[in-house]
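Next one to model:
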Amino acid sequence: MTVERITVTLPADDVREIRGVSSNVSGFVAEAVSDRLRWQRIREDLVTYQVDHGGFTAAELQAAREALVPWEPALTDAA
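As a prediction, this is how the structure comes out:
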C-alpha cells in the first residue's frame, strides 16, 4: 500500500482524548478515516440495492441489527 503524508489539524481536546487511548495518533486517525470511507461505501451500496430491489422489510432490518449488535470497534494501542 502506498501512503502519503499529510497534515491534519484537530481540536486540542480531541488530540488529548486520542492520546488517552492510543500512543499512535497518526494510526488512530488513519483508521478512523478508513472506517468512515468503508461505511460510506456500504451506505452507497445499500441505497443502490434499495433503488434496484425496493426498501428493506422490518424483518430484514431486524435481522441486520441482530447480526451487527453488539458492535464495538477494536481499541488497541496500534490504532
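
Mind jotting down where the helices sit in the chain?
12-21, 25-53, 58-68 (DSSP state H).

Which one of those lies nearest to residue 3?
Closest to residue 3 of the helices of the chain is helix 25-53 (CB to CB; 8.4 Å). To be clear about C-beta, it is placed using only N, CA and C from the backbone, and glycine gets the same treatment.

Who are the packing partners of that closest one?
helix 12-21 (3 or more CB pairs under 8 Å, 6 or more residues apart in numbering; DSSP states H and E).

Give the buried residues for the helix it packs on.
Neighbour counts over helix 12-21 (16 or more other CB atoms under 10 Å) mark residue 18 as buried.

got the angle between that helix and helix 25-53?
Angle of helix 12-21 versus helix 25-53, following axes from the mean of the first three to the mean of the last three CA atoms, to 10 degrees, is 100 degrees.

And the residue nearest the centre of the protein?
The chain has residue 35 as the residue nearest its centroid, 2.8 Å off, counting by CA atoms, centre = their mean.

Just want to check the distance between that residue and residue 41.
According to CB to CB, to the nearest Å, residue 35 stands 11 Å off from residue 41.

next one: residue 49
13 Å.

shared neighbours of the two, anything?
The contact sets of residue 49 and residue 41 do not overlap (CB atoms under 8 Å, 6 or more residues apart in numbering).

Show me the one of the helices of the chain that comes nearest residue 2.
Nearest of the helices of the chain (CB to CB): helix 25-53, 13.1 Å.

Now do the closest one against helix 58-68, angle only.
Going by the same axes, to 10 degrees, helix 25-53 makes 160 degrees with helix 58-68.

Give the buried residues for helix 25-53.
Within helix 25-53, the residues that count as buried by 16+ other CB under 10 Å are 28-29, 31.

Could you save those residues as CSV and add columns showing pLDDT and distance to residue 10?
Converted to CSV, the buried residues of helix 25-53 look like this (pLDDT from 0 to 100; distance: CB to CB, whole Å):
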residue, pLDDT, distance to residue 10
28, 96, 10
29, 96, 8
31, 94, 14
